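In: Sequence and predicted structure below; questions after.
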Amino acid sequence: MTLEQQLAEVVLEQDLLVGDAVKARPAAWDVAGPCQADAVIRPRSTEQVAKVLRLCSAAGRPVVTQGGLTGLVKGSVALAGEVVLSLERMNQIEEIDTTSRTITVQAGATLESVQQAAESAGLKYPVDLGGRAQCTIGGNVATNAGGNHVIRYGMTRAQVLGIEAVLADGTIVSDLSKMLKNNAGYDFKQYFIGSEGTLGVVTRVVLRLQPRPQSVNTCFAALNAFDDVLQLLSAVQDGLGPTLSAFEVLWPEFYELTTTAPSEHQPPLDHGFPYYVILEAHGGDPKKDGERFRDVLGDCMERDLIEDSVLATTPAERARIWGFRDAVEHMNRLGPIYTFDVSLGIADMEAYVAEIKEKVSDRWPNGTVVVFGHLGDGNLHVIVGVGERGTEVREAVEACVYEPLAARRGSVSAEHGVGLEKQSHLHITRGPNELELMRRIKQALDPQNLLNPGRVLPPA
């Protein structure tokens, strides 16, 4: 009996795809062409996931786990000879506990569905990404997703209280704890958070929920110098304290692309400033929070840190500001693009971006570098368009972005993971002893190297 025939006995007929049904699925949202896997299986329970992995382990068949396919490092792009384990059928919100302020969900639930479920209970799930409608909680956990509000709430890792996961051999490891404190031995959930599916398949998660903000104050500001950006960040951290929930910085190339035709978004402030900032604060007292927000910004304007600004006074105005920030699809107007997600010290960012632009311009005089990101937590997104594709071009662009990063002790991946694309650059961020420890952990949990093989870890 073939593996595919064995898998057919585990799930419903419609949950196993082979042949043309596999080819009808996209490889990923940003990868042209169909899925190349031998089969796609869509289990509906942790027990089915365990049975699938036991069969694949016995057959020595590699397994690639897929969620919403919104990743940007090709970690879930399946190759010929591999089996896709898609968690799209495991999408249930199982429980909301308003006493412990937790939500228990299956890994295939979308981020947006979790946010909506929390909202319906009068609470908030604080991780937020532009791909919220499609990305899944399992994928968020596997990549330790960050998003717009890390400066206030932390990354996905900070939200996870309990995890259920299945190891490569089909062993189910389950600790769906709602406890914030648990020092009883190793915290095994940390092995799976951020491991990009290479150590186990996350199937269910218990997440922390936060109080729903009673006030949300948002400002969009234009600034004349990067030093003003740094001083503004310091001022609002001091003045707003823990209510500061977002500090997004847009370089002018990004702002112009997302607020000029054919973009549907209109610019709330004039083009032409060197930097733009989105500030947002979440609080519990609408009257006092609004006054404090305006007072802090007024003081910053008196200090000439802000050249021009607009306050969002309605949810619609707030949505318009975040709308052009999230309109990353307009980057495709640059032609073939290369996307990067890096992290480094905030004080180093101005010189780092300038060096990237210089390197790109020297090689491609008509090349474009677009930068934006969660500067408040040290994360920048860098988009480079040079009008060309190809392996050599990609490697040259990567050198422009990563070489200046190495000198500043930065990270090649702030929140998107490593996948297939960043392996050869992982040494910039991780030393040889760290890489060896990662390999030891991988060997212990997946000795046959069947879970997402070839992803994350470079060859020894």
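Out: Everything's here; your move.

In: can we go C-alpha only for contacts and neighbour counts from here?
Out: Fine.

In: can you pull the contacts of residue 440?
Out: Contact analysis of residue 440 by CA atoms under 8 Å, 6 or more residues apart in numbering lists nothing.

In: Now do it against residue 433, distance only.
Out: Per CA to CA, to the nearest Å, residue 440 is found 11 Å from residue 433.

In: Of all the residues in the helix or strand harbouring residue 298, which ones are buried?
Out: Per DSSP states H and E: residue 298 is located in helix 286-302. Buried positions in helix 286-302, judged by neighbour count with 16 or more other CA atoms under 10 Å: 289-290, 293, 296-297, 300.

In: Redo those residues as a markdown table? Include pLDDT and distance to residue 156.
Out: Shown next, in a markdown table, are the buried residues of helix 286-302 (pLDDT from 0 to 100; distance: CA to CA, whole Å):
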| residue | pLDDT | distance to residue 156 |
| --- | --- | --- |
| 289 | 95 | 27 |
| 290 | 95 | 28 |
| 293 | 97 | 27 |
| 296 | 97 | 30 |
| 297 | 96 | 30 |
| 300 | 97 | 32 |
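
In: Turn those residues into JSON lines, including distance to residue 234.
Out: Converted to JSON lines, the buried residues of helix 286-302 look like this (distance: CA to CA, whole Å):
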{"residue": "289", "distance to residue 234": "18"}
{"residue": "290", "distance to residue 234": "19"}
{"residue": "293", "distance to residue 234": "14"}
{"residue": "296", "distance to residue 234": "11"}
{"residue": "297", "distance to residue 234": "12"}
{"residue": "300", "distance to residue 234": "10"}
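
In: hmm, which two among these are most spread apart?
Out: Across the buried residues of helix 286-302, the longest distance by CA to CA is 16.6 Å; it joins 289 and 300.

In: Contacts only, for residue 82.
Out: Contact analysis of residue 82 by CA under 8 Å, 6+ apart lists 37-39, 61-64.

In: Relative to residue 22, how far out is it?
Out: Look at residue 82 and residue 22: by CA to CA, they are 12 Å apart.

In: got any residues that touch both of these two?
Out: Applying CA under 8 Å, 6+ apart, one finds that residue 82 and residue 22 are jointly contacted by 37-39.

In: With residue 93 as the reference, measure out to the residue positioned nearest the centre of the chain.
Out: By CA atoms, centre = their mean, the chain has its centre lying nearest to residue 145, at 3.7 Å. Look at residue 145 and residue 93: by CA to CA, they are 19 Å apart.

In: And residue 150, by the same measure?
Out: Noted for residue 150: a distance of 23 Å to residue 93, by CA to CA.

In: do you know how far the residue nearest to residue 335 when sequence neighbours are not counted is from residue 363?
Out: Nearest residue to residue 335 in three dimensions, chain neighbours excluded: residue 387, at 6.0 Å (CA to CA, 6 or more residues apart in numbering). Separation of residue 387 from residue 363 (CA to CA): 12 Å.

In: what do you get for residue 121?
Out: From residue 121 to residue 363 the distance is 54 Å (CA to CA).

In: Show me the helices in the chain, by range?
Out: 3-8, 20-23, 46-59, 111-120, 137-143, 150-153, 189-192, 226-240, 252-258, 286-302, 315-325, 349-363, 391-407, 432-445 (DSSP state H).

In: Please report how far residue 374 lies from residue 380.
Out: 6 Å.

In: Looking at those two, which is more packed in?
Out: residue 380 (26 against 23; other CA atoms under 10 Å).

In: ok, what's across the strand from that one?
Out: Assessed by DSSP bridges, residue 380 has beta-bridge partners residue 342.

In: Please list all residues in contact with it.
Out: Counted by CA under 8 Å, 6+ apart, residue 380 has contacts 341-343, 371-374, 414.

In: Could I have the buried ones of the residues you listed as ChimeraX selection syntax?
Out: What follows is the ChimeraX syntax for the buried subset of these, where burial is set by 16+ other CA under 10 Å:
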select :341,342,343,371,372,373,374,414
